[in-house]
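In: Sequence below, structure please.
(chains A and B)
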Number of protein chains: 2
Amino acid sequence: MSERLWQDDVSIEEATAVATRLTDALIERLLAVPPGLEARVYDAMRYSALAPGKRLRPLLVLASSTLFGVSRRSALQVAAAIEMVHAYSLIHDDLPAMDNSDLRRGRPTCHKQFDEATAILAGDGLLTMASGVLADPDTHGDAAVRAELIGTLAAAAGPAGMVGGQMIDLIAETTKLDIGAITRLQRMKTGEIIAFACVAGALLARASEPAYRALHAYAHDLGLAFQIVDDLLDAEGSEATVGKPVGQDQAAGKATFVSILGLERAREQATLLGEQAKRHLDFFDDKAELLREMADFIVARRS
Amino acid sequence: MSERLWQDDVSIEEATAVATRLTDALIERLLAVPPGLEARVYDAMRYSALAPGKRLRPLLVLASSTLFGVSRRSALQVAAAIEMVHAYSLIHDDLPAMDNSDLRRGRPTCHKQFDEATAILAGDGLLTMASGVLADPDTHGDAAVRAELIGTLAAAAGPAGMVGGQMIDLIAETTKLDIGAITRLQRMKTGEIIAFACVAGALLARASEPAYRALHAYAHDLGLAFQIVDDLLDAEGSEATVGKPVGQDQAAGKATFVSILGLERAREQATLLGEQAKRHLDFFDDKAELLREMADFIVARRS
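Out: Sure, this is the predicted structure:
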């Protein structure tokens, strides 16, 4: 990196703090509020994109970028773009017509804090700006890299990825899905964007195909582990620790990893996937310590 | 063009027919319905993106591309992307929390035909795919051109453009705007995307700065004329000809070009802007006949 983000032996807590601080600072700058009446939609975009959160996706972008010595500026642009896409997806998912959630991480959701129309527009604005951020020469000197990032993110976030997964998730409220269908749904809904975050460093560095594949395989297992833990938290956690209402899947009679596998096997499965994810990192020897710790962290998280 | 779209003396009706047929064929291909449960969101995307319509933006892309001999494939990719963005904006604008429209061009709106959640996702999916289409090497061999198209479209469609204009439009329901504020709102809400369509040919051809500026100035006047005529149709047209409920602005007590200028002066202003738009095309001599006709067409349109 032109300027290093952290030492090789950085702890996951320190790395998270750095990723959050730097990504938020960039998002702050990108979403500077203009003087006109459109300020309201910027306020709503900022409310959600800068809300307290894990910043898991930016951290994955920065961690994968560190593997290849990608410049700090490039990595942060991608981190900001992916967090904008994440924030947009949460705003739209929380809408009355979708999950109808009033609370997210202990705060009113965007449409509760503002109103429904503003929330729809804030989501649209964040999604639109994400591609603008990636297209900016600040992201990479080589336009081919920028175009590849945009194409890869669009595939991960679009109807064959996140949007399609969300569609299936809505259908799952009235249709019983089997474990294969749920695995596919979750891979589309959250896995593809997590995979984009993990391979972002390889794309920015134009890394070798084996390096790209190792990160992609890591992300695949990591994303699934993440989702199983999400289901476990929904089934077992309390609203106070998780920061949003729990028990919703069960109340909706929705099939989840937990409802199909049971608590015990779901927990085993998450642990197994975490271990499997880490093994894909053997390719990078001891350079990928942070990504290894993140796999442990994701399996062990309580919120 | 590698393969010409039309003869130099093509009529606006013929050109519209060609633009519609070729753009729709490409959108059909890009939105091929997959076998999984996510098919539902593809169905909704297709329902809206392939709905009957003027295909004004694709036609502007193709017409501006013809000026510079841009390849047919490149022009059509941009035409499809911009029509996807247009379709997404209509889907979200029609939602109950926004304009709450049940009818669009004589057909049920997307959330009426499907449901609200599916409509939100269909809009999100179209917006996401638009950047993916532009990022595709099919759009242009030079990635720098693709990245510039994406950055320019994101700026036109985002919170400083279309999304911001829509935000102000919502605020205008409860706040009285003056003519300056309304002009700015309309430039943001519809003008910026029309401007993108008009300069797309210049971007694809890496045309000279004066050529770009001439098209941008043409688009600026054209977009405003377009909006004034929209207001006139809302004030004077019948639901049968316009294809959607009319008189809504007046019923909502909303300031429009017509409510401020009156019918007579609004009509004069639209005509004046149309003439002014055409004068910017002098730069292209007699090569821009179709764009000139489009200005006349937009001012004279009845739906």
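In: mind checking pLDDT for residue A:92?
Out: The model reports residue A:92 with a pLDDT of 98.
In: Any part of the host helix or strand of it near chain B?
Out: Taking DSSP states H and E as the definition, residue A:92 sits inside helix A:72-94. Yes - residues of helix A:72-94 are located near chain B by C-beta under 8 Å from any C-beta of the partner chain, namely A:88, A:92. Quick note: C-beta positions are derived from backbone N, CA and C, even for glycine.
In: you'd agree residue A:125 is up against residue A:38?
Out: No - the criterion here is C-beta atoms under 8 Å, and residue A:125 misses it with residue A:38 at 9.2 Å.
In: Mutual contacts of those two, please.
Out: B:159, B:163, B:164 (C-beta atoms under 8 Å, 6 or more residues apart in numbering or on different chains).
In: Pull the number of nearby residues for the second one.
Out: The local packing of residue B:163 (other C-beta atoms under 10 Å in any protein chain shown) involves 28 other residues.
In: Could you export the shared contacts of residue A:125 and residue A:38 as CSV, including distance to chain A and secondary structure?
Out: CSV is the format used below for the shared contacts of residue A:125 and residue A:38 (distance: C-beta to the nearest C-beta, whole Å; DSSP: H, G, I helix; E, B strand; the rest coil):
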residue, distance to chain A, secondary structure
B:159, 4, coil
B:163, 4, helix
B:164, 3, helix
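In: mind listing what's buried in stretch A:17-25?
Out: Buried residues in stretch A:17-25, counted by 16 or more other C-beta atoms under 10 Å in any protein chain shown: A:18, A:19, A:20, A:22, A:23, A:24.
In: Repeat that for stretch A:45-54.
Out: A:45, A:46, A:47, A:48, A:49, A:50, A:51, A:53, A:54.
In: shouldn't residue A:31 be in contact with residue A:45?
Out: Yes - Residue A:31 is within contact range of residue A:45, at 5.5 Å (criterion: C-beta under 8 Å).
In: now the helix holding residue A:92 and helix B:72-94, what's the angle there?
Out: With axes from the mean of the first three to the mean of the last three C-alpha atoms, to 10 degrees defining the directions, helix A:72-94 sits at 50 degrees from helix B:72-94.
In: for the helix or strand that comes right after helix A:72-94, what is the average pLDDT?
Out: Moving toward the C-terminus from helix A:72-94, the next helix or strand (DSSP H and E) is strand A:103-104. Average pLDDT, strand A:103-104: 94.
In: residues touching the most centrally placed residue in chain A, list them.
Out: In chain A, the residue lying closest to the centroid (C-alpha atoms, centre = their mean) is residue A:57, at 4.3 Å. By C-beta under 8 Å, 6+ apart, the residues touching residue A:57 are A:79, A:82, A:83, A:86, A:193, A:194, A:197.
In: returning to what we had before: any shared contact partners between residue A:31 and residue A:45?
Out: residue A:129.
In: that older thread, just the buried residues of stretch A:17-25: which are in helices?
Out: Those of the buried residues of stretch A:17-25 mapping onto helices are A:18, A:19, A:20, A:22, A:23, A:24, per DSSP state H.
In: Dump those residues to TSV, plus distance to residue B:109 and pLDDT.
Out: Output for those, formatted as TSV (distance: C-beta to C-beta, whole Å; pLDDT from 0 to 100):
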residue	distance to residue B:109	pLDDT
A:18	46	96
A:19	41	97
A:20	40	98
A:22	42	98
A:23	37	98
A:24	38	98
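In: Make a markdown table out of the contacts of residue A:57 and add neighbour count.
Out: Shown next, in a markdown table, are the contacts of residue A:57 (neighbours: other C-beta atoms under 10 Å in any protein chain shown):
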| residue | neighbour count |
| --- | --- |
| A:79 | 28 |
| A:82 | 29 |
| A:83 | 27 |
| A:86 | 26 |
| A:193 | 24 |
| A:194 | 25 |
| A:197 | 29 |
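In: How about residues contacting stretch A:207-226?
Out: A:56, A:60, A:64, A:67-68, A:183, A:186-187, A:190-192, A:194-195, A:197-199, A:201-203, A:270, A:273-274, A:276-278, A:280-281, A:283-284, A:291, A:294-295, A:298-299.
In: where exactly do the helices run in the stretch 1-150 of chain A?
Out: A:12-30, A:39-49, A:56-67, A:72-94, A:110-113, A:116-135, A:143-157 (DSSP state H, counting those that start in this stretch).
In: tally of neighbours for the closest residue to residue A:149 other than its chain neighbours?
Out: Excluding its sequence neighbours, the residue lying closest to residue A:149 (C-beta to C-beta, 6 or more residues apart in numbering or on different chains) is residue A:134, at 5.0 Å. When neighbours are defined as other C-beta under 10 Å, residue A:134 has 34 of them.
In: Same check on residue A:58?
Out: 30.
In: What score does it have for pLDDT?
Out: Value for residue A:58, per-residue pLDDT: 98.
In: for it, what are its contacts?
Out: Here residue A:58 is in contact with A:19, A:20, A:23, A:79, A:80, A:82, A:83, A:197 (C-beta under 8 Å, 6+ apart).
In: separation between it and residue A:25?
Out: Separation of residue A:58 from residue A:25 (C-beta to C-beta, to the nearest Å): 11 Å.
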